[in-house]
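Visitor: coords below, sequence missing:
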């Protein structure tokens, strides 16, 4: 029953968001390029990344002092996942060391941003380190969930 409520709440939230991400035209197959390992030249990561492309909802949990953040949710697109991190697209720049919560269809995560690269004025590629992964539950949608202690 809880999974159904989680799924319903997520669907409602996804439909209510103002989607501001502008994927570049040359990425027209973005959501079709999924399910296979992500390989990059000179990539020295220890854990393989798997391309998973879906919509999600992000909240800022810990911002940097010079950039306070709003409490409203933001629509994001996932790029890839590994055992220790995730990549996603955001409509706004996110700075290293900021912590965000990302709610996805089958789980939710709390991550710390490691890097951000500007693609265009409304699309930023973000790489983040996994802090905690959670099963679907109502805490994912709380305005102030318990803080991450890592």
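Guide: Ah, there it is. Because the structure is a prediction, the values reported are computed rather than measured. Numbering: from 1, shown residues only.

Visitor: any idea how far residue 119 lies from residue 24?
Guide: Distance, residue 119 to residue 24, using C-beta to C-beta, to the nearest Å: 6 Å. Where C-beta positions appear, they are placed from N, C-alpha and C, glycine not excepted.

Visitor: more crowded one of those two?
Guide: Taking neighbours as other C-beta atoms under 10 Å, residue 119 and residue 24 compare with residue 119 leading, 15 against 10.

Visitor: all strands for this protein, in order.
Guide: Using DSSP state E, the strands of the chain run over 37-38, 49-51, 55-62, 74-81, 85-90, 99-103, 108-120, 123-134.

Visitor: now those in a markdown table, with mean pLDDT and distance to residue 5?
Guide: Listed next are the strands of the chain as a markdown table, based on pLDDT from 0 to 100; distance: least, C-beta to C-beta, whole Å:
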| stretch | mean pLDDT | distance to residue 5 |
| --- | --- | --- |
| strand 37-38 | 56 | 33 |
| strand 49-51 | 85 | 28 |
| strand 55-62 | 96 | 15 |
| strand 74-81 | 95 | 21 |
| strand 85-90 | 97 | 24 |
| strand 99-103 | 97 | 13 |
| strand 108-120 | 97 | 14 |
| strand 123-134 | 96 | 15 |
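
Visitor: among these, which is nearest residue 14?
Guide: Residue 14 sits nearest to strand 55-62 of all the strands of the chain, at 5.6 Å, using C-beta to C-beta.

Visitor: what helices or strands is the closest one leaning on?
Guide: When contacts are defined as 3 or more C-beta pairs under 8 Å, 6 or more residues apart in numbering; DSSP states H and E, strand 55-62 packs onto helix 2-16, strand 74-81, strand 85-90, strand 99-103.

Visitor: of all the ones you listed, which lies closest to residue 142?
Guide: Among these, strand 99-103 sits nearest to residue 142 (C-beta to C-beta), with 9.2 Å.

Visitor: neighbouring contacts of the closest one?
Guide: The contact list for strand 99-103 (C-beta atoms under 8 Å, 6 or more residues apart in numbering) reads 10, 13, 56-62, 76, 78, 86, 88, 94, 108-113, 128, 131, 140-141, 145, 148.

Visitor: sort out which of those are buried, if you could.
Guide: 10, 13, 56-61, 76, 78, 86, 88, 94, 108-113, 128, 131, 140-141, 145 (16 or more other C-beta atoms under 10 Å).
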